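*Asks:* How does the following fold in three dimensions:
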Amino acid sequence: MRVGWVADGSLDQLSGGYLYDRIVVDYLRRNGVEVEIVSLAVGPYGARLAGNFNSDLDRRLGDAGFDILVEDELSHPALIGSNRRLGRRLPRLRRVGLVHHLRSSEPGHRLTNAVIRRIERAYLTSLDSFVFNSRTTRQVVEGLLGSERPTAPSIVAVPGADRLPAAIDDQAIAARAKESGPIRILFLGNLIPRKGLTTLIEAVALLPPGTGQLTVAGDMQADPGHTRHVRRLVRRYQLDDRVGFRGALEGQDLSLVMSSHHVTTMPSSYEGYGMAYLEGMGHGLPPIAGSAGGVAEFLRDGENGFLVDSRDPVALAERILSLHKDRSRLARLGLAARRTYLAHPTWEDTGATILGFLRSLIAEAAG
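*Replies:* Next up, the predicted model:
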């Protein structure tokens, strides 16, 4: 099987979607699949749309001898025209959309999002089948497509939760929760507006002195303007002694930071699923997460973490302070978070699900 995997830029980028792509590609290759990464140039949204009138991408994709194309939906503005032309030229070449979440699901200007929804719908209708990272994402896509289009073959392949070493047991989780001092809060995500770091900083500013300490771990170059805004907020609220920036962390460094904190707190305005929350749960960290998107598929409010309005720093501060004051509850939530992690599918499960689906599509096209 020869797979063309289409994505913007390099798969080495630090985000949940690119991490998902990278791990699945590695799994496919380990299992004998030939995967070629088709890296698309990034650029302004409008310029990428205009590129649909150029047939260079058609030749690049159509002449490579792929059995199947897997397209990260992030690349949608550049692929609408090529998909339609390839569908006519190579009707047996299946085009599979890998959808982490729709861009139009993110908060934004109403009219802008309305235009993006129309563009995304045009892209989605150019595909033969789908891989979704959550049931929520599938429901959103099906809602956008409506009943006019017959249901395309699809699967839900949730992200695995076992990428990082999580050498911690129940006893250590309970003991950590009862340590004296401020509750240690970990923000884990790229510094982009959607992740809700500004709301979290405002919440930390509302906490009484000595009750909360925030560590920010994530790519600070993902949106330099937003990073500058975050830094200004820290100075405005005089939080330099309560907020620390660690930059992007991976592997053992990330595991060590997770093990030394009490909660992960990313009040995102939207998450297709929420891999970072799950990885924190593997270290016994109950998440405090934004309520929009797919996170509620594994986070049960008040049982293994909390769901909050991403725009409400007061509610967020109240949740954090309640756990600082009630360390027994913090321990219970941490233990429940760990149990959720242990019961969650692995990355091997994710890869096997996708591989089986791709094989079935190729067999169907050949038959």
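*Asks:* Burial check on Gly97, number of neighbours?
*Replies:* Using other C-beta atoms under 10 Å, Gly97 has 26 neighbouring residues. In short, each C-beta sits where N, CA and C put it, glycine included.
*Asks:* quick one: secondary structure of it?
*Replies:* Following DSSP: H, G, I helix; E, B strand; the rest coil, we place Gly97 in the strand state.
*Asks:* again, but for Val6
*Replies:* strand.
*Asks:* Show me which residues of the top helix by length along the chain are buried.
*Replies:* Once the chain is assigned using DSSP state H, the helix that runs over the most residues is helix 347-366. Judged by neighbour count (16 or more other C-beta atoms under 10 Å), helix 347-366 contains these buried residues: 347, 350-351, 353-355, 357-358, 361-362.
*Asks:* Likewise for stretch 217-231?
*Replies:* Of all the residues in stretch 217-231, those buried under the rule 16+ other C-beta under 10 Å are 217-220, 222-223, 226-227, 230-231.
*Asks:* Among those residues, show me the least confident.
*Replies:* For the buried residues of stretch 217-231, the least confident position by pLDDT is Ala222, scoring 89.
*Asks:* Touching, that residue and Pro193? I think so.
*Replies:* No. Contact criterion C-beta atoms under 8 Å: Ala222 and Pro193 do not qualify, at 10.3 Å.
*Asks:* residue ranges of the helices in the stretch 1-150 of the chain, please?
*Replies:* Per DSSP state H, counting those that start in this stretch, the stretch 1-150 of the chain carries helices over the ranges 16-30, 45-50, 56-62, 80-89, 110-124, 135-145.
*Asks:* distance between the ends of stretch 337-351?
*Replies:* Stretch 337-351 has an end-to-end distance of 24 Å (criterion: C-alpha to C-alpha, to the nearest Å).
*Asks:* Work out the gap between that stretch and the centre of the chain.
*Replies:* Its chain's C-alpha centre and that of stretch 337-351 lie 16 Å apart, by C-alpha atoms, centre = their mean, to the nearest Å.
*Asks:* returning to what we had before: now the helices of the stretch 1-150 of the chain in a markdown table, with mean neighbour count and distance to Arg2?
*Replies:* As requested, these are arranged in a markdown table below (neighbours: other C-beta atoms under 10 Å; distance: least, C-beta to C-beta, whole Å):
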| stretch | mean neighbour count | distance to Arg2 |
| --- | --- | --- |
| helix 16-30 | 19 | 11 |
| helix 45-50 | 14 | 26 |
| helix 56-62 | 16 | 12 |
| helix 80-89 | 18 | 15 |
| helix 110-124 | 15 | 23 |
| helix 135-145 | 17 | 27 |
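*Asks:* among those, which is nearest Gly280?
*Replies:* Proximity to Gly280 (C-beta to C-beta) singles out helix 16-30 among the helices of the stretch 1-150 of the chain, at 12.7 Å.
*Asks:* which helices and strands does that closest one pack with?
*Replies:* On a contact count with 3 or more C-beta pairs under 8 Å, 6 or more residues apart in numbering; DSSP states H and E, helix 16-30 meets strand 2-8, strand 34-40, helix 275-281, helix 347-366.
*Asks:* What are the buried residues along the second one?
*Replies:* Residues of strand 34-40 classed as buried by neighbour count (16+ other C-beta under 10 Å): 35, 38, 40.
*Asks:* which residues sit in contact with the last one?
*Replies:* For Leu40, the residues meeting the contact criterion (C-beta atoms under 8 Å, 6 or more residues apart in numbering) are 6-9, 57, 75, 78.
*Asks:* wait, Gly272 sits on Ala292?
*Replies:* No. At 10.3 Å, Gly272 and Ala292 do not qualify as touching, with contact defined as C-beta under 8 Å.
*Asks:* neighbour-wise, which of the two wins?
*Replies:* Neighbours around Gly272 and Ala292, counted as other C-beta under 10 Å, are more numerous at Gly272. The numbers are 24 against 19.
*Asks:* so what's that one closest to, chain neighbours aside?
*Replies:* Counting by C-beta to C-beta, 6 or more residues apart in numbering, His101 is the residue found nearest to Gly272 once chain neighbours are left out, at 3.1 Å.
*Asks:* The one you found and Tyr270 touch, don't they?
*Replies:* Yes. In terms of C-beta under 8 Å, His101 counts as a neighbour of Tyr270; the distance is 6.6 Å.
*Asks:* residue ranges of the helices in the stretch 251-367 of the chain, please?
*Replies:* For the stretch 251-367 of the chain, the helices defined by DSSP H, counting those that start in this stretch occupy 251-259, 275-281, 313-325, 327-343, 347-366.
*Asks:* Any idea which of those helices gets closest to Met266?
*Replies:* Among those, helix 275-281 sits nearest to Met266 (C-beta to C-beta), with 6.4 Å.
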